[in-house]
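> Need coordinates for the following:
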Amino acid sequence: MTYRQAFAILQISSHASRDEIRSAYRSQARLYHPDHNPGSDGQRMSAVNEAYEMALRWCGIWDDPIKVLDTYVKYAQAWEWAKAHQP
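Numbering: from 1, shown residues only. Below you'll find the model as predicted:
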């Protein structure tokens, strides 16, 4: 599952806050949890759980300024290396 798919499953934008992610997860869980909806299978609920975890990870990456800076530095170094080693 990609991050884009995770946000699509939760039906939220990729710029959602932690509160919006939690709210979307809870509404999806109410719809697909086998205890609340006997006709629902567990596969959809497991997909919702996985999407929730991925969305929180995504939110956590961009909430921490140090992680953001590290990400930019890592990809900037790779970009510089690729530019220097062009054929």
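
> Could you report the distance from the nearest residue to residue 41 once chain neighbours are set aside to residue 3?
Excluding its sequence neighbours, the residue lying closest to residue 41 (CB to CB, 6 or more residues apart in numbering) is residue 34, at 7.3 Å. C-betas here are computed from N, CA, C, even on glycine. Per CB to CB, to the nearest Å, residue 34 is found 26 Å from residue 3.

> what helix or strand is the spatially most central residue of the chain on?
Nearest to the geometric centre of the chain sits residue 55, at 2.5 Å (CA atoms, centre = their mean). Assigned by DSSP states H and E, residue 55 belongs to helix 42-63.

> Buried ones in whichever helix or strand comes after that helix, by neighbour count?
Per DSSP H and E, the first helix or strand lying C-terminal to helix 42-63 is helix 65-84. Using 16 or more other CB atoms under 10 Å as the test for burial, helix 65-84 gives no buried residues.

> Ok, stretch 48-60 next?
Taking 16+ other CB under 10 Å as the criterion, stretch 48-60 shows 48, 49, 51, 52, 54, 55, 56, 58, 59 as buried.

> quick one: which of those is nearest residue 39?
residue 48 (15.7 Å; CB to CB).

> Not including adjacent chain positions, what is the nearest residue to that closest one?
residue 28 (4.6 Å).

> residue contacts, that neighbour?
The neighbours of residue 28, taking CB atoms under 8 Å, 6 or more residues apart in numbering as the test, are 9, 10, 11, 48.

> Quick check: buried residues in the helix or strand where it lies?
Using DSSP H and E, residue 28 sits within helix 18-32. Neighbour counts over helix 18-32 (16+ other CB under 10 Å) mark 21, 22, 24, 25, 28, 32 as buried.
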